[in-house]
Structures are given as C-alpha cells and as structure tokens.
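S.K.: got a predicted model here, sequence first, then my questions.
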Number of protein chains: 2
Amino acid sequence: MKKLDKNTSVIAPFQPQIHNHKKCISEAMAAAELCCENESLTFTPLRRKVFELVWSSHGPIGAYELLDRLKDSHRKAAPPTVYRALDFLMEHGLIHRIESLNAYIGCGDPARHHGGQFLICQDCRTVAELDDEAVARAVASRANAMGFTVGQQTVEVIGRCADCSSGSRND
Amino acid sequence: MKKLDKNTSVIAPFQPQIHNHKKCISEAMAAAELCCENESLTFTPLRRKVFELVWSSHGPIGAYELLDRLKDSHRKAAPPTVYRALDFLMEHGLIHRIESLNAYIGCGDPARHHGGQFLICQDCRTVAELDDEAVARAVASRANAMGFTVGQQTVEVIGRCADCSSGSRND
DNA sequence: GGATATATGATATAGTATAACATTAAGCAT
DNA sequence: ATGCTTAATGTTATACTATATCATATATCC
C-alpha cells in the first residue's frame, strides 16, 4: 500500500498499471480469510465466491451483474442470494458500496474498519479508494461541533482521473 | 443562515425549531425565482410545483412520494414528469440528491453552486446541510495530489443528531 | 438425537429510474 | 401570420435495484 504522507493511504490506486491480477485477487482473498478467521465469521463458499467476483471486476460492479456471473458456479442463485452475500461482506468491511453508482467494490484494507473515500472517474469509470484522515477528521469535527455523532461517512468524488484529464481520452 | 466560523455555514439546521414553515417555503421559492431569473432559466409551473413540494417536505423525499403529491395538482403526472423536474432542479443547484437515501432535498443556498455535505440522522431521518470549506478543501487537495480533477463531491454522514443521541429517543 | 441458530433456496413483489415516441407550447426569422 | 426550430410535457412501456416472505438445508451445542 502506497503511503502519500503520514496521514493518507492510497488503498487502491487508479488504473492498476501492469499488475498480476490473479495475484492481486488471491491476496485479497487471503486478507479476507484472515479477517474472517480473526472475527470468527463464517466465510462460506458462496460468500467467498461473491467476494472473489467483486474483486475480479477490479472496479465497481452492480448486484445483477454479479448475479449473472455467480450463476456460472451457482445455478440456483437469485437476487437475495447475492444481496445477502453483499450484506455480509459490507457488514464486515470486506467490500464497500458506492452509493452514487449503486455498485460494489472490494475493500483494499479489510483488516482496518473504515469508511473510505472514493474518487470516481466519470470517463473511464475506475475508482480509487483513499483513506485520508484529514478528510475524515474534518468531517467528524464539524459534525461533532453540532452534536452529531458520526456513524458512517460516505465520501464519493466524481471527476476525472489523471489519465483521462491529460490525454483527451473519452471512453 | 447561521455562521459557525468564517469557513463554515450551516445551510440548513437539524430540527427546524419553532419556525414558520410557510414563510420558510416562500423564501426558498423567492430565492429560486431569483436564481432562475439571473440565469435565464425557464422556471415553469411544473418545476415550480415540484420545487415547492420538495421544500414542503422539509426533509429528504423520494421521487415517487413526490409523484403522489404532484398528482393532486397535475393529474397527468407520471414518473418521467417528476424525474425531469428533479433533473432540472438538481442541474441548477436548487435541490440536492441524497445518494444514500435515494431522496431529494431542497438546497438552502441555491445562489452559490456547491456540493454540500449532509448529516443524516439514522433515528429521526432529519438531514442537516453543511457547507464546510475545510472538508471540501481536504477532499479536493487530496484528490488533486493524485492528479484527479474534482467535479462533484458527495459527502453524506450517517449518525445521530444531537437530539436523538442525548435522550434515548428511538423513532 | 433433538433443539436452536445460521445459511441458503425459491417465489413474489416493492421501489427507483429511464427509453422512446407523441404532442404541445414558445421563440423567432421571414 | 406562417412556418421553422427548440424546449417542455404527455404517454406508454420497460429496465434496473432491492427486499419480503416462507421453505429447506446445514451446522452447532447440549
């Protein structure tokens, strides 16, 4: 995980350059296994598969798209099948939901529970996950000043990633 | 509008205490009228009505709930009717969409275009709108450091408002 | 083994949003 | 005024997202 400074981690970068996707998935799986073991969670084959599919897409993916892919291995899968698995994975911080896209994405750092902040490129649809304490603190401090107890922060930024702003790529 | 400090405005507070709701709506209407005049926008009766309904709810309201209420005055209204009006109002900053609720809420400061940050009480469902520059700046600076050009920020914080945290109210 | 809790199967339906095409209204050039 | 053009609304159908409900199976614990 790349550190930008002492307070910010880029949990998942944009455009995963040249990278071994298989390795990347299997590492995420290993992290999830560990996480479930530590918390005595039942990481069933179904949940495992859904998690793997979310990671495989390596970007935000919708529930019904997941369902389609899930059917290859679980013919009897129906909407509740995938939504239940997604609920489980979200509840335990293994994936995030991107509200503004109605889509789900793997969490790059499941061990630490966190809200996360997302930079969403409107051109290439890739998403970067940040965990910037300065942002989280700014939000929390303002909320607390109003007597508001912060539960979950949803920070989603729509814009253009470096690649898509520089060239005039428009895909 | 209450100023918390030089950088933050509470655009819309929680629990609008004792307040003249009719006056509050008509002020919002006036601000919207002005805003549309300044930008030469056609604020048609239909759009006006939808705007008024959004403000009347004085909290987040869903599109189909709006549609129901709209039908009182516009019998022929259908989903596209309300979605088009909502699109117009959002495009010109007269209302905001709360992604995590699939709902819409009036903007307390339409003159100035801004993203806005929302504190959503999970108990009483009221929403406060902030416009905290510290938050916006923290987000923008981190994004820019990655070469990301910020378009629209979505900041939604789920938690408990002062009222609902203090007592053990649970409605 | 039987009671309990957890997970999945199966069917139906609720809730949110858009596509596509028809019609009407408004502005403007001739 | 007439016709041209654009913007707004009407109308119908459908797509997409998510949950309710009840049945069945699997695991756990005593």
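M.R.: Yep, it's here.
S.K.: what ranges do the helices span in chain A?
M.R.: Taking DSSP state H as the test, the helices found in chain A are A:21-38, A:45-57, A:63-73, A:79-91, A:133-145, A:162-166.
S.K.: any idea how far the shortest one is from the chain center?
M.R.: For helix A:162-166, the separation from the chain centroid amounts to 22 Å (computed by C-alpha atoms, centre = their mean, to the nearest Å).
S.K.: just the buried residues of that helix, please?
M.R.: A:Cys164 (16 or more other C-beta atoms under 10 Å in any protein chain shown). For the C-beta atoms, the positions are set from N, CA and C on the backbone; glycine is no exception.
S.K.: do stretch A:135-155 as well
M.R.: Neighbour-count burial for stretch A:135-155 [16+ other C-beta under 10 Å]: A:135-136, A:138-140, A:142-143, A:146, A:148-150, A:153-155.
S.K.: ok, A:Gln153 touching A:Gly115?
M.R.: Yes: using C-beta atoms under 8 Å, A:Gln153 is in contact with A:Gly115, at 3.9 Å.
S.K.: who touches both of the two?
M.R.: Counting by C-beta atoms under 8 Å, 6 or more residues apart in numbering or on different chains, the common neighbours of A:Gln153 and A:Gly115 are A:Ala136.
S.K.: the longest strand along chain A and chain B, are they touching?
M.R.: The residue-count maximum for a strand in chain A (DSSP state E) belongs to strand A:149-160. Yes: judged by C-beta under 8 Å from any C-beta of the partner chain, strand A:149-160 comes into contact with chain B through A:149-160.
S.K.: let me know the closest of these to B:Ser57.
M.R.: Lowest distance from B:Ser57 to the residues of strand A:149-160 next to chain B (C-beta to C-beta) belongs to A:Thr154, with 21.6 Å.
S.K.: how near is that closest one to A:Asn144?
M.R.: As judged by C-beta to C-beta, to the nearest Å, A:Thr154 and A:Asn144 stand 17 Å apart.
S.K.: then A:Ala77?
M.R.: 43 Å.
S.K.: A:Ala63 too?
M.R.: Per C-beta to C-beta, A:Ala63 is found 34 Å from A:Asn144.
S.K.: so which bits of chain A are right by DNA strand C?
M.R.: Within chain A, the residues that sit near DNA strand C (C-beta under 7 Å from any atom of the strand) are A:41-42, A:44-47, A:74, A:76-81, A:84-85, A:88.
S.K.: show me which of the residues you listed are buried.
M.R.: Neighbour counting over the residues of chain A next to DNA strand C (16+ other C-beta under 10 Å) leaves A:46-47, A:74, A:77, A:81, A:85, A:88 as the buried ones.
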